[in-house]
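Novice: When you get a sec, could you give me coordinates for this:
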Amino acid sequence: MGKRRRSIKKQPESTPPPASPATHAPCPVPSPVPSPKNPGSPAPEQAPEVLVPPDWASATAFISSDIPPPVVLVCGPANSGKSTFSRLLINSLLPRYGRVGYLDTDVGQPEFSPPGCLSIHVVDEAIADLRYPVFREAERCCFYGDISSKRDPETYLNSLFLLHTYFVEKYRSPGSEVLPLIVNTPGWVKGTGFDMLVEMLRYIGPTIVVQIRTRMQRKNLPDGMFWLDDGQTGPNVITIDVACHKSLSGESLKRKDGGGTRERRLVEYFKQCFPSDISLATNKELAYALASLPPYEVSFSDVTVTHLHYEVPRTEIWRSLNATIVGLANSCDTTQAIPWCVGLGIIRGIDVQRGLLYVITPVPVDCLQSIDLLLQGLIDIPRSILQVKGCVSPYMSTNLQDTIRERDLYARNLNSPLAIQIDGSYSDDSNSDADM
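Specialist: Numbering: from 1, shown residues only. Below you'll find the predicted structure:
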């Protein structure tokens, strides 16, 4: 963004059979252990204890004892507990290896990134609460721009393969520190989804495959190494059952409201625009806070727009961005077809006459300096922060909640070296085509 000049400105205003759950009582989940590479680091805050099914505990113990560091792919139908098992596995591997790679491939409900993204992470801290996902900084991220791979399976797979190749070259090549890798896959396992899972398995070549099975046989994947041709040797396959409500917390097992979960994740993501000491307990408070947050001012000439899943007439490219979520990427840092994404932003307003757009994002200023590509997909701004009772549009409001002090919202943004003031007052973007 503004690579040619400092134009980003703050605009003011089958292997060992796991134990049978029927013959053993659930095991309490072990407390997270600090990484051996950071033995002095404080232990994470303890979450309410959850009970782990015996077959899950047996599977994680077997995987953690595997030599060399394993590549584990976790698969199964939707809402079977893949993410919860992956969190448990991270905590099980950390005490031995210190760091664990995590390839997040579910664009609808990612573990560590906002919706619409595929990402690779290196986790070095235990997960304190196995029930809920948390945001973590990605080593590399690709913005796919949709909540399902159905729209463009080829691009989805290419993004996934790119992230896997990056991890292998950096962390599993000769002479490098070899880290274990966990690949958490989407729950779409029928039709085209099954074909894509087969492609993933063949490309990644995991050393261990964990398949979670439900009581509804028709929803499960085939038994064994279904992705290999007859006669081919493959990895260890561990089959475990979906956890029952008595074993794990109801929150982690009940059928997920996909749309609601995505909205909450996006809300939490954009809360990162504000200091942690600012209380934003309700969506209404967040809506007013975002309305009052000074956006970054970006010149049209400093960025290129790429529409990921549809075409837009050239005359409407800039207007089409208004009130949308975009991926922020750098087109020049690599020759690869799919650019790396550093985060998401909300296009708050467009001023076509002045050739300016206004962006709200939690991405740090130093990362924004190299951004010159906006990726527009189909990720919607959460309705909960657009449709606020008592306010036609939060981005047209002028008042703030009493609990959110205006100077608190501006303080850190104005400390940025890129923040500007004009004649002692904030510049006005009221002539823009439409503010959200």
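Novice: How much space separates residue 72 from residue 101?
Specialist: 10 Å (Cβ to Cβ, to the nearest Å). Every C-beta, even on glycine, is put in place using the N, C-alpha and C of the backbone.
Novice: try residue 69
Specialist: 9 Å.
Novice: out of these two, which sits in the more crowded spot?
Specialist: residue 101 (25 against 20; other Cβ atoms under 10 Å).
Novice: Does that one belong to a helix, a strand or coil?
Specialist: For residue 101, the assignment made with DSSP: H, G, I helix; E, B strand; the rest coil gives strand.
Novice: so residue 102 touches residue 111, yeah?
Specialist: Yes: between residue 102 and residue 111 there is a contact under Cβ atoms under 8 Å: 7.0 Å.
Novice: Quickly list what's touching both of residue 69 and residue 101.
Specialist: Residues touching both residue 69 and residue 101 by Cβ atoms under 8 Å, 6 or more residues apart in numbering: 179-181.
Novice: Just the ones of those residues in strands?
Specialist: residue 181 (DSSP state E).
Novice: is it possible to export the shared contacts of residue 69 and residue 101 to CSV including neighbour count, pLDDT and distance to residue 54?
Specialist: Formatted as CSV, the shared contacts of residue 69 and residue 101 follow (neighbours: other Cβ atoms under 10 Å; pLDDT from 0 to 100; distance: Cβ to Cβ, whole Å):
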residue, neighbour count, pLDDT, distance to residue 54
179, 19, 96, 28
180, 26, 97, 23
181, 25, 98, 25
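Novice: Any chance of the shared contacts of residue 69 and residue 101 in TSV with distance to residue 118 as columns?
Specialist: Converted to TSV, the shared contacts of residue 69 and residue 101 look like this (distance: Cβ to Cβ, whole Å):
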residue	distance to residue 118
179	19
180	19
181	14
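Novice: Pairing partners for the longest strand belonging to the chain, with directions?
Specialist: The residue-count maximum for a strand in the chain (DSSP E) belongs to strand 341-351. Strand 341-351 sits in its sheet next to strand 325-329 (antiparallel), strand 356-360 (antiparallel), going by DSSP bridges.
Novice: Nearest to residue 286, out of those?
Specialist: strand 356-360 (11.5 Å; Cβ to Cβ).
Novice: What are the contacting residues of the closest one?
Specialist: 1, 11, 270, 273, 290, 293, 295-300, 303, 318, 321, 326, 328, 345-351, 429, 432, 435.
Novice: Which residues are in contact with the residue nearest to residue 101 when sequence neighbours are not counted?
Specialist: Once flanking residues are discounted, residue 101 sits nearest to residue 181: 4.0 Å by Cβ to Cβ, 6 or more residues apart in numbering. Shown in contact with residue 181 (Cβ under 8 Å, 6+ apart): 69-72, 100-103, 167, 171-172.
Novice: any chance of the residues you listed in a markdown table, with distance to residue 264 and pLDDT too?
Specialist: Listed next are these as a markdown table, based on distance: Cβ to Cβ, whole Å; pLDDT from 0 to 100:
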| residue | distance to residue 264 | pLDDT |
| --- | --- | --- |
| 69 | 34 | 95 |
| 70 | 32 | 96 |
| 71 | 31 | 97 |
| 72 | 28 | 97 |
| 100 | 26 | 97 |
| 101 | 26 | 97 |
| 102 | 21 | 98 |
| 103 | 23 | 97 |
| 167 | 28 | 96 |
| 171 | 31 | 95 |
| 172 | 34 | 93 |
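Novice: among the residues you listed, who's most crowded?
Specialist: The most crowded member of the contacts of residue 181, judged by other Cβ under 10 Å, is residue 72 (27 neighbours).
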